[in-house]
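**Q** Here is the input, now give the coordinates:
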Amino acid sequence: MIRVMVADDQAMVRAGIAAVLAAEPDIEVVGQSADGEAAVAQAVALRPDVAVLDIRMPGIDGLTATARITAEVPQTRVVVLTTFGLDEYVFAALRAGAAGFVLKDADPERVVDAVRVVAGGDALLDPGVTRRLIDQFAAGPGPGDADRLASLTPRETDVLRQVARGLSNVEAAAALGISPATVKDHVAVILGKLGVRDRVQATIAAYETGLIRPGMR
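**A** Residues are numbered from 1 along each chain as shown. Purely as a prediction, here's the structure:
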């Protein structure tokens with residue numbers, strides 16, 4: 001059973017998301033809150049598997065709540081609800097440790113999928129967010145950033161480049177001429193070497209170190 005809490009300052013939106021999730025046989029909604037401070041307190045008290053947070057809430061917003069939840073309750077994975085107009089906050093939330101992003105006007109099934117994906121230890125970005133986010137806000141390499149990649153082998157570097165392009169294991173395998181299982185193994189090693197939680201964090205590292213730049217394919 002996936003234990004989930006939902007935080008959104010709009011009561012109807014919050015109740016709707018909770019109802020959609022609670023209707024699934026493998027998901028239990030264990031808490032709801034209307035602001036970021038309450039969301040953090042609830043996450044600490046309940047320690048859910050997944051917290052679904054609106055990025056704009058009174059008090060502390062979803063960005064600050066994400067950073068605090070991932071720091072104080074690292075086993076809780078955060079899915080952020082966002083809109084195109086708030087991409088800059090999405091990138092900051094990614095860096096704070098959010099594992100999933102869903103547009104607020106997406107189909108309800110998309111929220112369900114996001115919860116299941118991040119609960120399983122992976123990460124999920126809405127396709128509509130990914131390209132805009134990376135092209136507009138990914139930073140170039142800073143002083144010494146490239147040193148973060150020094151521990152990667154040439155093959156691991158190739159795999160990271162494909163991951164940063166948004167390819168699945170199957171797609172990356174086809175591009176590199178190796179098996180999906182081998183890609184999966186490489187990804188696990190890459191995450192460990194870079195000290196990141198998931199593919200989203202690895203993608204950020206690839207952009208920040210200059211391994212891949214906006215617009216590169």
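**Q** just the helices in this structure please.
**A** 11-22, 36-46, 62-72, 87-96, 108-119, 127-137, 154-164, 169-176, 180-194, 199-208 (DSSP state H).
**Q** Give the buried residues for the third one.
**A** It stands for helix 62-72. G62, L63, T64, A65, T66, A67, R68, I69, T70 (16 or more other C-beta atoms under 10 Å). Quick note: C-beta positions are derived from backbone N, CA and C, even for glycine.
**Q** so where's the chain shaky on pLDDT?
**A** Of all residues in the chain, those with pLDDT under 70 make up the ranges 84-90, 125-146, 213-217.
**Q** show me what contacts the residue nearest the centre of it?
**A** Centroid check for the chain by C-alpha atoms, centre = their mean gives A99 as the closest residue, at 2.2 Å. Neighbour list for A99: R77, V78, V79, V118, D122, A123, L124, R197, D198, V200 [criterion: C-beta atoms under 8 Å, 6 or more residues apart in numbering].
**Q** how close does it get to A174?
**A** Distance, A99 to A174, by C-beta to C-beta, to the nearest Å: 26 Å.
**Q** need the buried residues of helix 62-72 in CSV with distance to S179, can you?
**A** Shown next, in CSV, are the buried residues of helix 62-72 (distance: C-beta to C-beta, whole Å):
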residue, distance to S179
G62, 39
L63, 39
T64, 42
A65, 40
T66, 35
A67, 37
R68, 40
I69, 36
T70, 33
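**Q** between the residues you listed, which is nearest A45?
**A** A45 lies nearest to I69 out of those, by C-beta to C-beta, at 11.7 Å.
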